[in-house]
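Chemist: Can you look at this prediction? I've put the sequence above it.
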Amino acid sequence: MTTVSTTAPAAPGAGRLTRLWRGRAEDAPWVRPAFLGLLAVTTALYLWNLSASGYANSFYSAAVQAGSESWKAFFFGSLDAANAITVDKPPAALWPMALSVRLFGLGSWQILVPEVLMGVATVAVLYAAVRRRFGAGAGLVAGGVLALTPVAALMFRFNNPDALLALLMTVAVYCVLRALERDGGAARWLVWAGVAFGFAFLAKTLQAFLILPPLALVYGVCAPGTIGRRIGRLALAGLAMLVSAGWWVALVELWPASSRPYVGGSQNNSFLELTFGYNGLGRINGNEVGSVGGGGRGGGQGGGWGETGIGRMFGDSVGGQISWLLPAALVLLVAGLVVTWRAPRTDTARSAFLVWGGSLLITLAVFSFMAGIFHEYYTVALAPYVAALVGMGAAVLWEERNRLVASGALAVTVAVTAWWAWSLLGRTPEWMPWLRWAVLAAGAVAALGLLGAGRVDRRLGLGFAGLGLAAGLAGPCAYTLATVDSGHQGSIVTAGPAGAGFGGMRGGPGGGGGRDGGMRMAYGFPGAGQDPNGQAPNGQTPNGQAPAGQTGPGQGAQLPPGAPPQGQGQGQPRGQARGPLPGAPPGAERGGMGGGMGGLLNGASVSAAAKAALLEDADDYTWAAAAIGAQNAASYQLATEKPVMAIGGFNGSDPSPTLDAFERYVAEGRIHYFIASGGGGGGGGMGGNGTSAQITAWVQETFERVTVGSSTFYDLTSPK
């Protein structure tokens, strides 16, 4: 066994940040340039065509804009600067973007560049974590695998909370691995791990704690020192986690409800309810009151969010996002544990396999069997774990290649990876059809060559290893290039070429289809009289959107200069996959650019006339307008940079504001317009009996209807 040893890297100060850039004295001359080159290529790749996504998920972009205008909105994560309601997550992921916009102004790059930097930082931290124990080559492989994972390329260029979550989870693992190296200084590293977990909770609540059990267990069993010291340090780390997450939670819960925004996603204006309900157990059992499609769809089959089970990560909608090297990671995890099986209790190589492998397995299990809301892009959380195991496992087996069992394991890993890439590429048979056969052939040659890697010249063996790595990365690299070459907007986005998600069932231009008219009819959404393609009479779509393939005057105003309007022109947004709607009748599908699910999932195009109307005398009102659903409101807010109230939160189902409160706001002259269209209408799901529906009915009965361009407003200062 030539790779593993019982001691950790011991040079004083070896973990300092400067060492990451300067390299180590014992490093080969190529190490530092290779590492810096990896970061440079990752940065260039993730910045490529970045503005094509415009404001990406306008739900979060509106909160970023609000936070750049109001420190109170910044603190709470409010959707508008007047602080009507928050997003349905804690605000940590919004803070870097809001600071960027506050410094540099509102725009696509100002919002998305912080996400790119998080992606580059994640690659750097992963490299540092792997190279400490397994060498620079293993670190470079791990970093390259992460950078070229399609879902990572998607989410590190998008403004959902998952980018910050992935970075902080990688930092937490790095800190735990440092704590496992030696007894001295372990407490400090565990405290930093606790801080990382705490802020990860403030990014995406309980998902941050998924990998806590394996990390705590591995440290408790495998760390140096007495059992009492190990338990005491874990308790100290837990305290650090509690403080770093709890300060914000305590302030929100203790803050008088009358002077803070409503907690979006909750039914009782409580962040704790949001944490343990909609964002907690509801994600596991499917009983998510207030979710898109309503709650109570459990039963273990995933409800409207796809079939659950072991095969979920390899299925049509998820496989191309994350699973390219997942079989390899699982094989190499087993191989790494076999090689290190007889090592002493404190062996750091085995601990690393247990930490990364445990993180992968527990996250994989939860994602596979959770019956609540599940989106393909959640799997970015798996990407660092997969990449680390590939880098570490390949390094261990390469060092052991003189043993036939090790070279055979390498060959099997390459062969399985090539076969699986061939299968995934076969799901898009008309897209680069030659690639799948090239991958299969290269993988076969590399696998045969690696069988004898320990008995041939080292350079020849390295050639076969390089060919195997190229075969394994060719498929995800191609998907990643397709991802960065197109824009992505809305709430449900997927990586890869058009047609790669949901079994090839993706919509028209931009990956959207807008075929949600039947769903609006079934659930009583506004706009129920539209045809099955989501097109309103007169050839207009809700919120002033032009029919697919056409361009309305002044549309796309909510996008920054240079970014393509939604569903128009070159480089149109892609990735709004279309598939069965949660809780919808058979045949209803996820909408695309036309404001899927009645405008809940994607933003609306805002005409120049609508923008001008909202800006007129806007400073005389607290809210320039109010609209059902956050995506609908966000589009108008981003176009005008004026507060727009999102009635009912994300999908119009939150009981805020009540009808009485809304009537009071109108009587006080605080809201100018009500925007007719788009969202849901019901508290407790998508029915028509909630506060959103009540407000809509009251407005329609009480105020004059005004046509502005192709949009329908109600002037709340002009009663009938």
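Modeler: Everything's here; your move.
Chemist: Would you mind confirming that residue 712 makes contact with residue 696?
Modeler: No. Using CB atoms under 8 Å, residue 712 is not in contact with residue 696, being 11.8 Å away. (Each C-beta comes from the backbone N, C-alpha and C, glycine too.)
Chemist: what touches both of these two?
Modeler: Common neighbours of residue 712 and residue 696 are listed as residue 676 (criterion: CB atoms under 8 Å, 6 or more residues apart in numbering).
Chemist: So what touches the longest strand along the chain?
Modeler: In the chain, assigned by DSSP state E, the strand with the most residues is strand 711-719. With CB under 8 Å, 6+ apart as the test, strand 711-719 has contacts from 543-544, 606-607, 609-610, 613, 625, 666, 669, 671-677, 699-700, 702-707.
Chemist: taking the residues you listed one by one, which sit in strands?
Modeler: In strands, defined here by DSSP E, the members of these are 625, 671-676, 703-707.
Chemist: As TSV, those residues with pLDDT, neighbour count and distance to residue 238 would be great.
Modeler: As requested, the ones in strands among the contacts of strand 711-719 are arranged in TSV below (pLDDT from 0 to 100; neighbours: other CB atoms under 10 Å; distance: CB to CB, whole Å):
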residue	pLDDT	neighbour count	distance to residue 238
625	97	25	46
671	97	23	46
672	96	24	50
673	96	27	50
674	97	27	48
675	94	33	47
676	86	20	50
703	96	19	54
704	90	12	59
705	92	14	57
706	90	15	57
707	89	9	59
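Chemist: of the residues you listed, closest to residue 418?
Modeler: residue 675 (52.4 Å; CB to CB).
Chemist: what sits against residue 698?
Modeler: Residue 698 sits next to 659, 662-663 when contact means CB under 8 Å, 6+ apart.
Chemist: Please, where are all the helices along the stretch 101-250 of the chain?
Modeler: 108-134, 136-147, 150-155, 162-181, 186-204, 212-222, 227-254 (DSSP state H, counting those that start in this stretch).
Chemist: In terms of secondary structure, what does the first one contact?
Modeler: Counting contacts by 3 or more CB pairs under 8 Å, 6 or more residues apart in numbering; DSSP states H and E, helix 108-134 packs against helix 31-47, helix 94-104, helix 136-147, helix 150-155, helix 162-181, helix 348-369, helix 383-399.
Chemist: Among those, which comes closest to residue 216?
Modeler: Taking CB to CB as the criterion, residue 216 comes closest to helix 162-181 out of those, the separation being 8.7 Å.
Chemist: angle of the closest one against helix 108-134?
Modeler: Comparing the axes of helix 162-181 and helix 108-134 via axes from the mean of the first three to the mean of the last three CA atoms, to 10 degrees yields an angle of 20 degrees.
Chemist: by contact count, what packs against helix 162-181?
Modeler: Short answer (3+ CB pairs under 8 Å, 6+ apart): helix 162-181 packs on helix 108-134, helix 150-155, helix 186-204, helix 212-222, helix 348-369, helix 383-399.
Chemist: ok, now how distant is residue 32 from residue 38?
Modeler: Distance, residue 32 to residue 38, using CB to CB, to the nearest Å: 11 Å.
Chemist: most packed of the helices and strands packed on helix 108-134?
Modeler: Of all these, helix 150-155 carries the top mean neighbour count, a mean of 30, counting by mean count of other CB atoms under 10 Å.
Chemist: neighbouring contacts of that one?
Modeler: Under the contact criterion CB under 8 Å, 6+ apart, helix 150-155 has outside partners 45-46, 115, 119, 122, 146-147, 162-163, 166, 320-322, 324, 376-377, 379-380, 383, 476, 479-480, 483-484, 488, 493-496, 575.
Chemist: joint contacts of residue 32 and residue 38?
Modeler: Common neighbours of residue 32 and residue 38 (CB under 8 Å, 6+ apart) do not exist.
Chemist: Quick check: which ranges of the stretch 1-150 of the chain have low pLDDT?
Modeler: Applying pLDDT under 70 to the stretch 1-150 of the chain picks out residues 1-26.
Chemist: and residue 613, what is it in contact with?
Modeler: 673, 706, 708, 713.
Chemist: Report the separation between it and residue 674.
Modeler: 12 Å.
Chemist: Over to residue 389?
Modeler: Shown here: residue 389 relative to residue 674, a distance of 53 Å by CB to CB.
Chemist: Share the number of residues neighbouring the nearest residue to residue 432 once chain neighbours are set aside, please.
Modeler: Sequence neighbours aside, residue 478 is the residue nearest to residue 432 in space, at 6.2 Å (criterion: CB to CB, 6 or more residues apart in numbering). Residues near residue 478, counting by other CB atoms under 10 Å, number 22.
Chemist: distance between the helix or strand hosting residue 478 and the chain's centre?
Modeler: With secondary structure defined by DSSP states H and E, residue 478 is part of helix 458-484. Centroid separation between helix 458-484 and its chain, computed with CA atoms, centre = their mean, to the nearest Å, is 25 Å.
Chemist: mean confidence score for that helix?
Modeler: If you average the pLDDT over helix 458-484, you get 95.
Chemist: Please name every helix or strand in contact with that helix.
Modeler: Applying 3+ CB pairs under 8 Å, 6+ apart, we find helix 458-484 packed against helix 31-47, helix 136-147, helix 150-155, helix 383-399, helix 404-425, helix 433-451.
Chemist: Now for the residue nearest in space to the middle of the chain: which residues touch it?
Modeler: Nearest residue to the geometric centre of the chain (CA atoms, centre = their mean): residue 162, 3.6 Å. Residue 162 sits next to 155, 204, 377-378, 380-381 when contact means CB under 8 Å, 6+ apart.
Chemist: Find the least confident helix or strand in the protein, judged by mean pLDDT.
Modeler: Between all helices and strands in the chain, the lowest mean by mean pLDDT, DSSP states H and E belongs to helix 517-523, at a mean of 30.
Chemist: So, low pLDDT: which residues of the stretch 201-350 of the chain?
Modeler: Using pLDDT under 70, the stretch 201-350 of the chain drops low at 286-305.
Chemist: Residue 81 and residue 643 touch, don't they?
Modeler: Yes. With contact defined as CB under 8 Å, residue 81 reaches residue 643; the gap is 4.9 Å.
Chemist: Can you check which residues contact both of the two?
Modeler: By CB under 8 Å, 6+ apart, the residues touching both residue 81 and residue 643 are residue 66.
Chemist: Who has more neighbours out of these two?
Modeler: Comparing residue 81 with residue 643 by other CB under 10 Å, the one with more neighbours is residue 643, at 31 against 25.
Chemist: Does that one touch residue 622 like I think?
Modeler: Yes. Assessed by CB under 8 Å, residue 643 is found in contact with residue 622 at 6.7 Å.
Chemist: what residues are shared contacts of those two?
Modeler: Common contacts of residue 643 and residue 622 (CB under 8 Å, 6+ apart): residue 82.
Chemist: element containing the residue lying closest to residue 630 once chain neighbours are set aside?
Modeler: In space, and not counting its chain neighbours, residue 630 is closest to residue 646: 4.1 Å by CB to CB, 6+ apart. For residue 646, the host element (DSSP H and E) is strand 644-647.
Chemist: circling back: what about the contacts of residue 162, which one has the most neighbours?
Modeler: Neighbour-wise, the contacts of residue 162 (other CB under 10 Å) top out at residue 155, 30 neighbours.
Chemist: so what's that one scoring on pLDDT?
Modeler: Residue 155 carries a pLDDT score of 97 in this model.
Chemist: Now do stretch 364-376, average pLDDT.
Modeler: Stretch 364-376 shows a mean pLDDT of 92.
Chemist: Residue 380 touches residue 164, doesn't it?
Modeler: No. Taking CB under 8 Å as the definition, residue 380 is not a contact partner of residue 164, at 10.9 Å.
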